[in-house]
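[1] Need a 3D model of the sequence below.
(2 chains)
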Amino acid sequence: AQRVTQPEKLLSVFKGAPVELKCNYSYSGSPELFWYVQYSRQRLQLLLRHISRESIKGFTADLNKGETSFHLKKPFAQEEDSAMYYCALTGGNNRLAFGKGNQVVVIP
Amino acid sequence: GAVVSQHPSRVICKSGTSVKIECRSLDFQATTMFWYRQFPKQSLMLMATSNEGSKATYEQGVEKDKFLINHASLTLSTLTVTSAHPEDSSFYICSAKGPGPRDTGELFFGEGSRLTVL
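    Below is the predicted model:
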């Protein structure tokens, strides 16, 4: 079974401060991990995926298979980063299992 | 990028009636679409996988007779909530795998449909 855990629901950070959203997963096979973001009044959209190993909008996430984690990080939060962030996992068949999400509020 | 559109965005119905929600891929063909349900302040729960030209695959605990899914064309999947009850009130979101390479894993989401059953 696929399971994604995002422990904190609400994260408030000051502008310019680092932000880290934790994501742990449980999957018996070889997973593909994603972070999706939903800005206010917009639809869910892909932020980044682990296979790309790229930085998007200053965010990075590294897959740690030993710790079964895929934490999302950004060194300096911006106001436009305020959004809901969902960690998601698939076993390769596009059936995404989502975590409960993190509400990020960046305080000016 | 690929665009997925849902209609209606909001619907209010009486208990006992049926409601149909449409999900369209606007500029690409989607052989597979996914239907999610989201409760307030909670995560998205996968309900079913909709396959063009074949029966949908439902997740455990989702009633197939309650939530009818039809994927009659490569650009349209519909979710019909039959004999709706207040507990069916929720936010329903569809998504489709994009037109890129098969292993990208990226899904494109519709804007969601809020169903309120009185």
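
[2] tell me which parts of chain B are close to chain A?
    Contact residues, chain B versus chain A (Cβ under 8 Å from any Cβ of the partner chain): B:32, B:34, B:41-44, B:46, B:49, B:93, B:95, B:97, B:103-112. Quick note: C-beta positions are derived from backbone N, CA and C, even for glycine.

[3] would you list every one of the strands in chain B?
    B:4-7, B:10-13, B:19-25, B:32-38, B:44-51, B:57-58, B:67-73, B:76-81, B:90-97, B:107-109, B:113-117 (DSSP state E).

[4] That should have said chain A, apologies.
    For chain A, the strands defined by DSSP E occupy A:3-5, A:10-14, A:19-21, A:24-26, A:32-38, A:45-49, A:60-61, A:72-74, A:83-90, A:97-98, A:102-107.

[5] Run me through the strand neighbours of the second one, direction for each.
    The partner list of strand A:10-14 in its sheet, established with DSSP bridges, is strand A:102-107 (parallel).

[6] Name the residues that touch the strand it pairs with?
    A:6, A:8-15, A:19, A:21, A:77-86 (Cβ atoms under 8 Å, 6 or more residues apart in numbering or on different chains).

[7] Just the buried residues of those residues.
    Neighbour-count burial (16 or more other Cβ atoms under 10 Å in any protein chain shown) applied to these gives A:Q6, A:L11, A:V13, A:V19, A:L21, A:A77, A:D81, A:S82, A:A83, A:M84, A:Y85, A:Y86.

[8] tell me the contacts of the third one?
    Right, the one you point to is A:V13. A:V19, A:A77, A:V104, A:V105, A:V106, A:I107.

[9] Go through those residues and say which is closest to B:V81.
    Nearest to B:V81 among the contacts of A:V13: A:V104, at 32.2 Å, using Cβ to Cβ.

[10] how close does the closest one sit to A:V13?
    In this structure, A:V104 and A:V13 are 7 Å apart, going by Cβ to Cβ, to the nearest Å.
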